[in-house]
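Trainee: got a structure for you, letters missing:
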């Protein structure tokens, strides 16, 4: 069993300031950190192309990128499951996003941040018939075509906000996940390669088409950002993933919004709630899960250990976790 706590590793400066509060706010977590064995993974987004949480998921599934790929390539087959299980071809995905200009380029909001409902996703995809030919019977206003043939690319909705993209056999692109781009900058990952020209053209056409779409008029009236683009990512094959893990994984992302906003008062309050309702409850049930804590560019896994308490105290391991929690450099 795994318990994953995204946003549980503050940056070094904040970690030092928060360290004195941990034992009181999160006694169960503090005890687990002192008793467990830590495995530290550096996950710089500029290299992996994905968030630390996504990196951990891919590691759990044994993903290894091929030459010319980063870890984000594995998100294609991972997020398309089970639809892509028998597909020997690279799996590309496209997510509905919001892109806006900034002083230094452009920023992006991912689908998770946009609260896209099924009707909005369907209406936006229906409108692509202006650019693309429907691969099924002509859609009604409430029905999205099964596929859209957009020249070099074929689009098919997997679920609201997420499409599977069939690309040319020789298509190759180093991509990043929408979540990682949302935490960095579009300019860092905008594809400039000549091979990406057809996708850039389709992206620009979609932006112009959706600029004045009724869905976006409605969203703006509600104070919501418009949905004005499709972000392409993935590219690995299903064979690059191991079979689905039989282990239970429980995600608790309550800390992440506070960590991203660097609201450490709210973070401490959320941590106290998690410690009491999740970690303490697991301990009372006699469970000994592994923990996965993520920060801006690292993942720390805490494995339970059977080492006797007297030996841990003798070796000083009870407090060793403080060195990686609050690194001095």
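Mentor: The structure has been received and is ready for your questions. The shown structure was predicted, so the numbers you read here are calculated from the model rather than taken from an experiment.
Trainee: What are the buried residues along stretch 16-33?
Mentor: Residues of stretch 16-33 classed as buried: 18, 22, 25-26, 28-33 (neighbour count, 16 or more other CB atoms under 10 Å). For glycine as for every other residue, the C-beta is placed from the backbone atoms N, C-alpha and C.
Trainee: Give me the subset of those lying in strands.
Mentor: Secondary structure defined by DSSP state E assigns none of the buried residues of stretch 16-33 to strands.
Trainee: I'd like those residues as TSV, with pLDDT appended.
Mentor: As requested, the buried residues of stretch 16-33 are arranged in TSV below (pLDDT from 0 to 100):
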residue	pLDDT
18	94
22	92
25	96
26	96
28	95
29	95
30	93
31	91
32	92
33	93
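Trainee: what would these look like in CSV with distance to residue 277?
Mentor: As requested, the buried residues of stretch 16-33 are arranged in CSV below (distance: CB to CB, whole Å):
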residue, distance to residue 277
18, 20
22, 17
25, 13
26, 12
28, 10
29, 12
30, 16
31, 16
32, 15
33, 18
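Trainee: Can you tell me which of those is nearest residue 53?
Mentor: For those, the minimum distance to residue 53 (CB to CB) is 17.8 Å, reached by residue 29.
Trainee: Which member of the buried residues of stretch 16-33 is positioned nearest residue 279?
Mentor: Proximity of those to residue 279, judged by CB to CB, is greatest for residue 28, which lies at 4.1 Å.
Trainee: Please verify my assumption that residue 189 contacts residue 176.
Mentor: Yes - using CB atoms under 8 Å, residue 189 and residue 176 qualify as a contacting pair, with a distance of 4.3 Å.
Trainee: following the least confident helix or strand in the chain by mean pLDDT, which helix or strand comes up?
Mentor: Each helix and strand of the chain was given a mean pLDDT (mean pLDDT, DSSP states H and E); the minimum falls on helix 309-315 at a mean of 49. Helices and strands here follow DSSP states H and E; after helix 309-315, the next one along the chain is helix 321-325.
Trainee: Identify each buried residue in that next one, please.
Mentor: Residues of helix 321-325 classed as buried by neighbour count (16+ other CB under 10 Å): 321-322, 325.
Trainee: Turn the residues you listed into CSV, columns for pLDDT and distance to residue 83.
Mentor: Output for those, formatted as CSV (pLDDT from 0 to 100; distance: CB to CB, whole Å):
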residue, pLDDT, distance to residue 83
321, 88, 41
322, 88, 45
325, 87, 40
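Trainee: How is this protein divided into domains?
Mentor: Per automatic domain parsing, the domain ranges recorded for the chain read 2-48+248-325, 63-240.
Trainee: circling back: among the buried residues of stretch 16-33, which ones are in helices?
Mentor: Using DSSP state H to define helices, the subset of those located there is 18, 22, 25, 28-33.
Trainee: Can you add distance to residue 61 and give those back as TSV?
Mentor: As requested, these are exported to TSV (distance: CB to CB, whole Å):
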residue	distance to residue 61
18	32
22	31
25	33
28	28
29	26
30	30
31	30
32	25
33	26
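Trainee: Go through the residues you listed and name the one nearest residue 106.
Mentor: Taking these together and measuring to residue 106 by CB to CB, the closest member is residue 18, at 32.9 Å.
Trainee: quick one: contacts for that closest one?
Mentor: Contacts for residue 18 were tallied using CB atoms under 8 Å, 6 or more residues apart in numbering; they are 10, 264, 267-268.
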